[in-house]
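# just coords:
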């Protein structure tokens with residue numbers, strides 16, 4: 001079976017950092033498109049970042065460019081989202097998803113989703 005399990009969320013002050021993890025089982029992350037999404041209460045889910053394959057070009061939503069970094073550890077079969085300079089508007093449930101490899105990754109279809117990890121940013 002294919003599973004994605006996120007972790008690493010938490011509560012931080014503005015300007016703080018978190019590293020989210022997405023552990024995959026049942027398939028290899030090297031051969032798919034990986035996406036990170038977030039959903040805040042009352043708002044639509046939005047794509048934050050994605051990357052395809054081992055050498056794909058990462059994509060970042062404008063509001064996170066320069067602050068978030070997507071990465072993958074093939075040996076651990078884990079995807080990461082390193083978040084720095086967190087702002088209150090970054091608070092949301094963060095989810096990882098995977099789908100058929102597409103380059104560029106923007107617009108990819110995602111077939112499998114994790115349950116999400118909560119990020120809270122407070123003053």
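Thanks, I have the structure now. As the structure is a computational prediction, the values presented were derived from the model and not from experiment.
# Name the residue closest to the centre of this structure, please.
residue 36 (2.5 Å; Cα atoms, centre = their mean).
# which ones are touching that residue?
20, 22, 47-50, 70, 79, 81, 94-97 (Cβ atoms under 8 Å, 6 or more residues apart in numbering). Every C-beta, even on glycine, is put in place using the N, C-alpha and C of the backbone.
# now with 7 Å?
For residue 36, the contacting residues are 48, 49, 70, 81, 94, 96, by Cβ atoms under 7 Å, 6 or more residues apart in numbering.
# Can I take it that residue 56 is in a strand?
No: counting by DSSP: H, G, I helix; E, B strand; the rest coil, residue 56 is not found in a strand; it is coil.
# which residue sits closest to it, ignoring its sequence neighbours?
Leaving aside its chain neighbours, residue 56 sits nearest to residue 103 (5.4 Å; criterion: Cβ to Cβ, 6 or more residues apart in numbering).
# One more: residue 18?
Per Cβ to Cβ, 6+ apart, closest to residue 18 is residue 83, 5.0 Å.
# Write down the beta-bridge partners of that neighbour, one by one.
residue 18, residue 68 (DSSP bridges).
# Could you report the neighbour count for it?
Applying other Cβ atoms under 10 Å, we find 26 residues neighbouring residue 83.
# OK, contacts around it?
By Cβ under 7 Å, 6+ apart, the contact set of residue 83 is 17, 18, 20, 67, 68, 90.
# circling back to that earlier point, residue 87 versus the residue nearest to residue 56, what's the distance?
Distance from residue 103 to residue 87, counting by Cβ to Cβ, to the nearest Å: 30 Å.
# Equivalent analysis for residue 77, please.
For residue 77 relative to residue 87 (Cβ to Cβ), the value is 31 Å.
# Same question for residue 101.
On the measure of Cβ to Cβ, residue 101 and residue 87 end up 32 Å apart.
# Check residue 61 too.
Residue 61 sits 13 Å away from residue 87, taking Cβ to Cβ as the criterion.
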